[in-house]
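Asks: this one's structure only:
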């Protein structure tokens, strides 16, 4: 019997009487974490085709063909925040909790958690969290682990290793003190946090740093950078860099009825045009994802070329932002006038029309598919909103006042990154900046070599202070992870190295609030504060997300992050 989530709501009962996840308990009528995806028309006024109804009985067998844009720089999820790594890892590994998904994308946009390796999670006070493990989960039968059960010591070892100073994403787990992780028995883990942290269940469900490794990884008896050993629905099979990454069904997964597909083949196809051609030619089953959406211009073409395909639509789940280096006291971007000049030089309406055919919405610091947790343009106070309006004459005045009118800047973007829309927007923004008198020279960099750089690249704030980085937002699942990782002074994975004691205090306070309504307000206020300070240039248009799936794929359930192995691929099946 499936175990259900009994999700705490402070406005229903006090926290100390509420279980977060109760084994065998009734599902709580939780408030939606995110607003439902928008209804309405797709490109050119056409409504997306409804998802096909799944047959009553799943069929077994076949290979699901998917696309990966880049080779993963490593297979070790702790040593990078790279999307290609997390996507690959998410096929083989499990988390304590996962996100609920459904054939209707609105289910995923609610961001409700349920059990994966955990059969129960509860807390009396948001500081002590007790996790009960399901008894039937085991690691894959690969040396040196050899198929032993997933036990409390594995969970403790995972989070101890995740907090190693070598790991660029470790600061997101700073509420955890490794020495205070207790394992009273093989099926019980008790986290005693440094401070009350109400969103802790999202750390346990994170598809960025929540993957559970066997204890042997901490002991150093194998190298997770080159060998993946997990407890998820698929096994690593054959990997050929620049060609494909292949997986096969894990017959020992705890859900013996799944996966239905015998395998997955993840082709490495960097080019968007080639990806489209491979899909229309029948060589890919899925085109697009939350992290790499389809160019909006392609949707009508795909409807024509593959009329029986299923089309899924969700709110924006990628975001383009301009990042400044604020960790260097000598950085010209310490001057807010310069930062605001960059923002006012950008014609956001023109970008939305030219790149997304107006099928877009301004997005700020978290994905809009987080619903009530995400700030919208209408939330901006008037005295802040003025800096997000196209006003090149005022931009020139601010540029002159800052004293950097003659400064030459590098405008950096990543080759073949996220989507074709990202590249078009980067190039268009650079042209707009120059038109407003900001001297910005385009510089294209490589994703693996320069942007990730083995955990020491641009992604982690290592770039000259005269550079402006046009980049996306990492695929995270909750508002705190977005805000903390990018804007807290102790974050180890921020691009801008923001250091603002007031902001730190606001984030610390928001994390401790156990009443959800209070926490929502606190995070929206933080986003308003960030918008006013213009630490990054946000509010750029972001297109709604379309994912197209070939008709042979049944019961497709779109996952909004990197947990698709368990949340989506294990559940679907393929028609012969």
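Replies: Great, that's in hand. Because the structure is predicted, anything quoted here is derived from the model rather than measured.
Asks: shaky segments in the stretch 251-400 of the chain?
Replies: Where the stretch 251-400 of the chain drops to pLDDT under 70, the residues are 290-291.
Asks: let's see 80
Replies: Scanning the stretch 251-400 of the chain for pLDDT under 80 picks out the ranges 290-293, 295-297, 318.
Asks: just the strands in it please.
Replies: With DSSP state E, counting those that start in this stretch, the ranges of strands along the stretch 251-400 of the chain come out as 263-268, 286-287, 310-314, 321-324, 360-363.
Asks: and the residue nearest the centre of the chain, what does it touch?
Replies: With distances taken as Cα atoms, centre = their mean, residue 475 lies nearest the centre of the chain, 1.3 Å away. Listed by Cβ atoms under 8 Å, 6 or more residues apart in numbering, the contact partners of residue 475 are 83, 86, 207, 208, 290, 291, 317, 318, 560, 561, 562. For glycine as for every other residue, the C-beta is placed from the backbone atoms N, C-alpha and C.
Asks: And for the third one, the neighbour number?
Replies: Think residue 207. 27 (other Cβ atoms under 10 Å).
Asks: what separates it from residue 225, distance-wise?
Replies: Residue 207 sits 19 Å away from residue 225, going by Cβ to Cβ, to the nearest Å.
Asks: just the last one next, same as before
Replies: According to Cβ to Cβ, residue 562 and residue 225 sit 18 Å apart.
Asks: Which one's more surrounded, those two?
Replies: residue 562 (29 against 15).
Asks: And that one, how far from residue 202?
Replies: With Cβ to Cβ as the criterion, residue 562 and residue 202 are 14 Å apart.
Asks: Likewise for residue 523?
Replies: As for residue 523, its distance to residue 202 is 13 Å (criterion: Cβ to Cβ).
Asks: Those two - which one has more neighbours?
Replies: residue 523 (28 against 21).
Asks: which SS state does the more buried one fall under?
Replies: Three-state assignment for residue 523 (DSSP: H, G, I helix; E, B strand; the rest coil): helix.
Asks: Which residues are in contact with residue 444?
Replies: The neighbours of residue 444, taking Cβ under 8 Å, 6+ apart as the test, are 412, 413, 414, 415.
Asks: partners of the third one in the sheet?
Replies: Beta-bridge pairing for residue 414 (DSSP bridges): residue 445.
Asks: Now do the contacts for it.
Replies: Taking Cβ under 8 Å, 6+ apart, we find residue 414 in contact with 444, 445, 446, 447, 450, 451, 471.
Asks: Please apply the same query to the first one.
Replies: Contact analysis of residue 412 by Cβ under 8 Å, 6+ apart lists 443, 444, 445, 458, 463, 467, 468, 469, 470.
Asks: my guess is the fourth one contacts residue 493, does it?
Replies: This points to residue 458. No: if you go by Cβ atoms under 8 Å, residue 458 and residue 493 don't touch, sitting 11.8 Å apart.
Asks: how is this protein carved up into domains?
Replies: Per the record, the chain has its domains at 35-250+545-574, 321-543, by automatic domain parsing.
Asks: Make a markdown table from the ones you listed and add distance to residue 258 to it.
Replies: As requested, the domains of the chain are arranged in a markdown table below (distance: least, Cβ to Cβ, whole Å):
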| stretch | distance to residue 258 |
| --- | --- |
| domain 35-250+545-574 | 4 |
| domain 321-543 | 22 |
